[in-house]
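Engineer: please work out how this folds:
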Amino acid sequence: MYHDLIISGSGGQGALFAGQALAYAAMDAGLQVTWMPSYGPEMRGGTAHCTVIVSDAPIGAPLVRNPQTVIALNRPSLDKYEPLTASGGLLLYNSSLAGREPTRPDIVIVGVPGSDLAREIGDERVLNMVMLGVFLRLKPFLPLEAVCQALERYLGKRQRALLTLNHTALQRGFNLPAVPAPL
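Structural biologist: Below is the predicted model:
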């Protein structure tokens, strides 16, 4: 098993945190993992993305030029990573902020109104967990419970107040009725 993905959004949308939660869950499951963050100098409001690779064999390099999966949390991320998604790959995007429909015919495209769902849950900061829940539904190489346990184990004191909301957001994304069957 091998899977690579890029999660990208504006600083403050939790792209790095979502990738870290996935990486911790995979590591706890005994899998090989790399997590490589990247963010612009602006921090909150600037661009941020991370690359996550999960495998049951050693990982040769943490870099991914054409990711199998992209989770785009905003329009600039969609614009940047739609052309880079591997042919046959998955582009999961936040349709609440995209402002356009992706057009590539050679990839699987799934739009989710992630920001709207996060607001319904009670806090737009859990957009990242809504999208991660959808991703785990589409690519079930880890159970949702593994990510919930990783959040409980590794969440910092500052984010502890959002633990219940994060769990709710993961469940909401995972159980979204409009999401297609696992790929």
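Engineer: kindly confirm my reading that Ala48 forms part of a helix.
Structural biologist: No - read with DSSP: H, G, I helix; E, B strand; the rest coil, Ala48 is strand and lies in no helix.
Engineer: mind listing the strands for the chain?
Structural biologist: Along the chain, counting by DSSP state E, strands occupy 2-10, 32-39, 47-55, 69-72, 90-94, 108-112.
Engineer: these: which one's closest to Pro140?
Structural biologist: Ranking the strands of the chain by proximity to Pro140 (CB to CB) places strand 2-10 first, at 10.7 Å. (Each C-beta comes from the backbone N, C-alpha and C, glycine too.)
Engineer: what are the buried residues along the closest one?
Structural biologist: Using 16 or more other CB atoms under 10 Å as the test for burial, strand 2-10 gives 3-10.
Engineer: and the residue lying closest to Val54 once chain neighbours are set aside, how many neighbours?
Structural biologist: Nearest residue to Val54, sequence neighbours excluded (CB to CB, 6 or more residues apart in numbering): Ala26, at 4.4 Å. The tally of other residues near Ala26 (other CB atoms under 10 Å) stands at 25.
Engineer: return the residues in contact with Ala26.
Structural biologist: By CB atoms under 8 Å, 6 or more residues apart in numbering, Ala26 lies in contact with 33, 54, 142, 146.
Engineer: just the closest of those residues to Pro102, please.
Structural biologist: Out of these, the member with the shortest distance to Pro102 (by CB to CB) is Val54, at 24.1 Å.
Engineer: the closest one contacts Leu22, correct?
Structural biologist: Yes - look at Val54 against Leu22 with CB atoms under 8 Å: they come within range, at 7.4 Å.
Engineer: who has more neighbours, the two?
Structural biologist: Leu22 (27 against 24).
Engineer: now the more buried one: closest residue in space, sequence neighbours ignored.
Structural biologist: Using CB to CB, 6+ apart, the nearest residue to Leu22 is Val52, at 5.5 Å.
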